[in-house]
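Participant: I would like the atomic coordinates for the input below:
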Amino acid sequence: MPLRVLRYAVGSALAILATAACTSTPSGDAGSATATHAATVAASAAPVPTGGPGGTAYPTGSVPPSATGTPSATGAPGSAGGAGEACVAGVYAAMTPAQRLGQLFMAGIQPGQAPGGLDATIKGSQLGSVIYLGGWTGAATVKATSDHVQRVATGPVDLFVAADQEGGAVQQLKGTGFTALPAAREQGRRSRSELVALGSTLARELLAAGVNVDLAPVADTVPQSMLDTNGPIGKYRREYGTDPAAVSAAVPAIITGLQDGGVVATVKHFPGLGRVTGNTDVTATGITDAVTSADDPFLDPFRAGIASRVGMVMVSSARYPTLDEANPAMFSRAVITDLLRGTLGFKGVVITDDVGAARAVAAVPAPDRAVRFLAAGGDIVLTANAGQIPGMLAAVKARAAADPAFAAGVETSVQRVLALKGRFGLVHCG
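Facilitator: Next up, the predicted model:
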C-alpha cells in the first residue's frame, strides 16, 4: 500500500471517530491522494475475466463469450449512464467520513414501513443501501417507496435499492407490474437466449419500480443426492442444476440480461450452500461444508459470474473448514480476500447474507459482525434489522481509529461501492 494512502487512512480513521457529523470535505494533499487512490480503485472495480467454467482461461483484456459490453469501469454493459472515474473520485473526496461509512450498510424495509420507515436510519446513519424484505405487492407501491427513500438520501450518490428477485419461492416483489417467475430449477432448463430474455424482463420491471440491484442469480450447485435434504437451496428449488457445468451456463445468462438492462446482479452464496443441510437463516447446525476446497468444481459457477463482470458477490454464513477452520465464510479472510478476490480475481463489491437475524452468526454480537466482515475484505453489511446499524457504525469507527490497516481497508471498500454505483449511473457530478 502506498505510504500516502496509509497516511490518509490513519487520518480518516481519527476523523471518523471524532468528527462523524462534520460537513467539511478533505482538502490539500490528503484529499488529492485520496482522489487519486479512488480513481485507481474505480479503474479496477470491474471484475476482470479470470477464467470460465472448469478454469478455462480467457485472453487478457478480452470479454468472455457469456458477457457483453466493454470491460470498463465507467459504464454498465448496455447502459449509457455510467459515471466516469474522475467523477467518482471527486465525489468520494468530497464526502464526509459519516457519508462514506454509510455506503457500507444495507438495511431492510418491510411493506408495513412504506414509504418512510427507514427515514431516520437513512438520515442518521447516512445509509447507502436499502433492501425490500417481507414480500411486497404491486409495482406502484414499490416505485413510490423507492422514490421516497431516494429523496430522503439527498446528495450526489443514489441509494442501492435491492430485492431478492430469484423466482419460485424467493420473489420479494409480486403482483401487478412483476412477472411471476419460475423457480431456478425450472429456469435452468431454458436456453441461454431465453435466460438472457428473462434477465432483461427482470431488469425492466425492477428499474420501473426504482429497484437497481437484484440479489440474484444463485450460483450454488446442489448435488442430486441432496435435493431433498439441502435446506437453504434444494428445498426451495433455487438451484439451476445439479451439475456445476449446467449452473455455470445459466448464471452468466441471467447476469447479462440484468446488467445489460441496468440492474446490478449478485451471484450468491459464495463459496456455495449446496452441500449443507441447515438453512443459515434459521439454524446454526448442519451448516458445515467439509468438502468445498479452493479447486472445487462447485466454484465454477462463481467463476462464470465473475467472468461476466457481475457487480456483486454475496458471501454465505456457512462454514468451510477446508478453507478456514476457525471462521464462517463471511468472517473469513481466507475465503473473501484470498480465494474470492485473489484466486478467482473478483474486484467488485462483496456483500453479506443477512446478518441481522441469521441464526448461523447469532453468537456473535451484531456490531462485531460488521467489523469482522469488513476486516475479512467485505464491503456491504446487509441487515434486515435497521436498528442494528448505529451500533455497527460505532464499532467500525472505533476499530478504524485503533487499527490503521483496518481503516485503509474500510476506505477501499467505500471506493469499491462508489465505483459500482458509478458504473450503473448512481453517482452524479456537475
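Participant: from here on, contacts and neighbour counts on C-alpha atoms
Facilitator: Will do.
Participant: how about G391: what's its closest non-neighbour residue?
Facilitator: Using C-alpha to C-alpha, 6 or more residues apart in numbering and skipping the chain neighbours, the partner closest in space to G391 is P367 (5.6 Å).
Participant: which residue ranges form the strands in the stretch 251-400 of the chain?
Facilitator: Counting by DSSP state E, counting those that start in this stretch, the stretch 251-400 of the chain has strands at residues 264-270, 312-315, 349-352, 381-383.
Participant: what pairs with the second one, parallel or antiparallel?
Facilitator: It refers to strand 312-315. The pairing partners recorded for strand 312-315 under DSSP bridges are strand 264-270 (parallel), strand 349-352 (parallel).
Participant: coming back round to it: export the strands of the stretch 251-400 of the chain to a markdown table and tack on mean pLDDT and distance to I287?
Facilitator: Shown next, in a markdown table, are those (pLDDT from 0 to 100; distance: least, C-alpha to C-alpha, whole Å):
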| stretch | mean pLDDT | distance to I287 |
| --- | --- | --- |
| strand 264-270 | 98 | 13 |
| strand 312-315 | 98 | 14 |
| strand 349-352 | 98 | 16 |
| strand 381-383 | 98 | 20 |
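Participant: about what we covered before: so which of the strands paired with strand 312-315 comes closest to F406?
Facilitator: With C-alpha to C-alpha as the measure, strand 349-352 is the member of the strands paired with strand 312-315 nearest F406 (16.2 Å).
Participant: that closest one: how far from the chain's middle?
Facilitator: Chain-centre distance of strand 349-352: 4 Å, with C-alpha atoms, centre = their mean, to the nearest Å.
Participant: next: stretch 224-234.
Facilitator: The chain centroid and the centroid of stretch 224-234 are separated by 25 Å, computed with C-alpha atoms, centre = their mean.
Participant: stretch 199-209 now?
Facilitator: When distances are taken as C-alpha atoms, centre = their mean, stretch 199-209 is centred 18 Å away from the chain's centroid.
Participant: flag every buried residue along that stretch.
Facilitator: Neighbour counts using 16 or more other C-alpha atoms under 10 Å place G199, S200, T201, L202, A203, R204, E205, L206, L207, A208, A209 of stretch 199-209 among the buried residues.
Participant: for the closest residue to V264 other than its chain neighbours, give its distance to M312.
Facilitator: Once flanking residues are discounted, V264 sits nearest to V213: 4.6 Å by C-alpha to C-alpha, 6+ apart. In this structure, V213 and M312 are 9 Å apart, going by C-alpha to C-alpha, to the nearest Å.
Participant: now for the two: what residues contact both?
Facilitator: Contact criterion C-alpha atoms under 8 Å, 6 or more residues apart in numbering; residues shared by V213 and M312: V264, A265, T266.
Participant: which strands and helices sit next to the longest helix that the chain contains?
Facilitator: If you go by DSSP state H, the chain has its longest helix at helix 404-423. The contact analysis (3 or more C-alpha pairs under 8 Å, 6 or more residues apart in numbering; DSSP states H and E) places helix 404-423 against helix 3-18, helix 28-44, helix 85-94, helix 97-102, strand 349-352, helix 366-376, helix 389-402.
Participant: of the shared contacts of V213 and M312, closest to L418?
Facilitator: Taking C-alpha to C-alpha as the measure, V264 is the one of the shared contacts of V213 and M312 closest to L418, at 13.0 Å.
Participant: any idea how many residues pack against A197?
Facilitator: Counted with other C-alpha atoms under 10 Å, the burial measure for A197 works out to 17 neighbours.
Participant: go on, P321?
Facilitator: Based on other C-alpha under 10 Å, the number of other residues close to P321 is 17.
Participant: contacting residues around the closest residue to it other than its chain neighbours?
Facilitator: Excluding the flanking residues, the one nearest P321 by C-alpha to C-alpha, 6+ apart is A290, at 5.9 Å. Residues in contact with A290 (C-alpha under 8 Å, 6+ apart) are Y320, P321, T322.
Participant: how many residues are close by the last one?
Facilitator: A total of 12 residues lie near T322 under the criterion other C-alpha under 10 Å.
Participant: verify the stated contact: it with D296.
Facilitator: No. With contact defined as C-alpha atoms under 8 Å, T322 does not count as touching D296 (10.8 Å).
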